[in-house]
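Chemist: Model the following, please.
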Amino acid sequence: MKVAIIGAGFVGSTAAYALMIDGCASDISLIDINKEKAEGEALDLKHGTIFTPGTRITYGDSYALCKDASIIIITAGANQKPGETRLDLGKKNSAIIREMLPKIAKENKDAILLMVTNPLDVLTYLAVKTSGYPTSRVFGTGTLLDTARFRQYLSEYYGVNSVDVHAYILGEHGDSEFPVWSTANISGIRLKDFKRYKTEELDLAFEKTRTAAYEIISKKGATYYAIGLAIAKIVRVILTDQETILPVSCFVEDYYGITDVCLSLPCIVGKTGIKETVHPTLDEKERESLKKSANVIKKAIKEIL
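Modeler: Residues are numbered from 1 along each chain as shown. Okay, the predicted model is just below:
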């Protein structure tokens, strides 16, 4: 199956690399306004196909390359600069996405739109409202990466494999995100049942999660490896219809009184996109955090869109 990636920058090209190694997509199209950049990335990828399951790589600056794609991944936009929040990026990137969406829809109305460009939740909302696609087929990478970071930090503290850690970061993919401590566990065992349980250490794990992108950007200029792998994970889940629960940015219609906004909740994802949004039972503090996060995003939507 074909995957189109719009934006051949750090994130888009790394996602293409991760997908090529994974082998779940038979075709990958790299689309960028800078055709030479897209060509350079495509050539570099093509030269490695012999070492992978074998993927056809195409490139160009035309949205016609979106035709016949099962998934269209939008990574195009300005890069986040040191000290700049994801929401600060909003006005620059919303203009780019707003111009892009009708051109995509003209070429392909049947694909799943996977949003990656920041501010993720605001631009996912823009895509939901203006693309003409059903809400089940428009969603963002959301807090999947934040959740992965969180589980990694918890696994390091507890000294266990990260795959055994079950804990979510929900809400905004950004500063107002929050951890769901009430259901967090390690292979079904509550975090506080372990001898090394210390609330201050767990709070530190979350704080490191929340500020991870800023730290990486300050040290190397951009984040792209982990988000590239997160994108590949979502694509594989869709193309193989795994019906896996992932925390992705989805359109929320009524959850604890929250409506008409995009933020991350656990969703069952498969070949048709979001098959179901799971509404976990949150404790009072978590409910307040969710509402706060929704309000932050809604404020940004009003200011940016």
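Chemist: Might you report the residue contacts of Ala76?
Modeler: 6-7, 9, 12, 32-33, 96-97, 100, 117 (Cβ atoms under 8 Å, 6 or more residues apart in numbering). Heads up, the C-betas are built off the backbone N, CA and C, glycines and all.
Chemist: One more pass at 6 Å, please.
Modeler: Neighbour list for Ala76: 6-7 [criterion: Cβ atoms under 6 Å, 6 or more residues apart in numbering].
Chemist: What separation is there between it and Ile216?
Modeler: Going from Ala76 to Ile216 by Cβ to Cβ, to the nearest Å gives 20 Å.
Chemist: Okay, now the unreliable bits of the stretch 1-150 of the chain?
Modeler: The model of the stretch 1-150 of the chain has pLDDT under 70 over residues 86-87.
Chemist: What segments of the stretch 201-305 of the chain are helices?
Modeler: With DSSP state H, counting those that start in this stretch as the criterion, the stretch 201-305 of the chain has helices at 212-220, 225-239, 284-304.
Chemist: As CSV, those with distance to Lys275 would be great.
Modeler: As requested, the helices of the stretch 201-305 of the chain are arranged in CSV below (distance: least, Cβ to Cβ, whole Å):
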stretch, distance to Lys275
helix 212-220, 29
helix 225-239, 11
helix 284-304, 22
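Chemist: So for Tyr255, which of those helices sits nearest?
Modeler: When the helices of the stretch 201-305 of the chain are compared by Cβ to Cβ, helix 284-304 sits nearest Tyr255, at 7.9 Å.
Chemist: what's in contact with the closest one?
Modeler: So helix 284-304 is in contact with 87, 90-91, 94, 121-122, 125, 171-172, 176, 178, 180, 256, 258, 261, 263, going by Cβ under 6 Å, 6+ apart.
Chemist: got the CA positions of it in PDB?
Modeler: Extracted in PDB, the C-alpha atoms of helix 284-304 (Å, rounded to 0.1, in the frame of the first residue of the first chain):
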ATOM      1  CA  GLU A 284     -10.900  14.500  39.800                       C
ATOM      2  CA  LYS A 285      -7.400  15.900  39.400                       C
ATOM      3  CA  GLU A 286      -7.100  14.300  35.900                       C
ATOM      4  CA  ARG A 287     -10.500  15.600  34.800                       C
ATOM      5  CA  GLU A 288      -9.400  19.100  35.800                       C
ATOM      6  CA  SER A 289      -6.100  18.700  33.900                       C
ATOM      7  CA  LEU A 290      -8.000  17.500  30.800                       C
ATOM      8  CA  LYS A 291     -10.400  20.500  30.900                       C
ATOM      9  CA  LYS A 292      -7.400  22.800  31.400                       C
ATOM     10  CA  SER A 293      -5.700  21.300  28.400                       C
ATOM     11  CA  ALA A 294      -8.800  21.500  26.300                       C
ATOM     12  CA  ASN A 295      -9.100  25.200  27.200                       C
ATOM     13  CA  VAL A 296      -5.500  25.900  26.300                       C
ATOM     14  CA  ILE A 297      -6.100  24.300  22.900                       C
ATOM     15  CA  LYS A 298      -9.400  26.100  22.300                       C
ATOM     16  CA  LYS A 299      -7.700  29.400  23.200                       C
ATOM     17  CA  ALA A 300      -5.000  28.700  20.700                       C
ATOM     18  CA  ILE A 301      -7.500  27.800  18.000                       C
ATOM     19  CA  LYS A 302      -9.300  31.100  18.500                       C
ATOM     20  CA  GLU A 303      -6.000  33.000  18.300                       C
ATOM     21  CA  ILE A 304      -4.500  31.100  15.400                       C
END
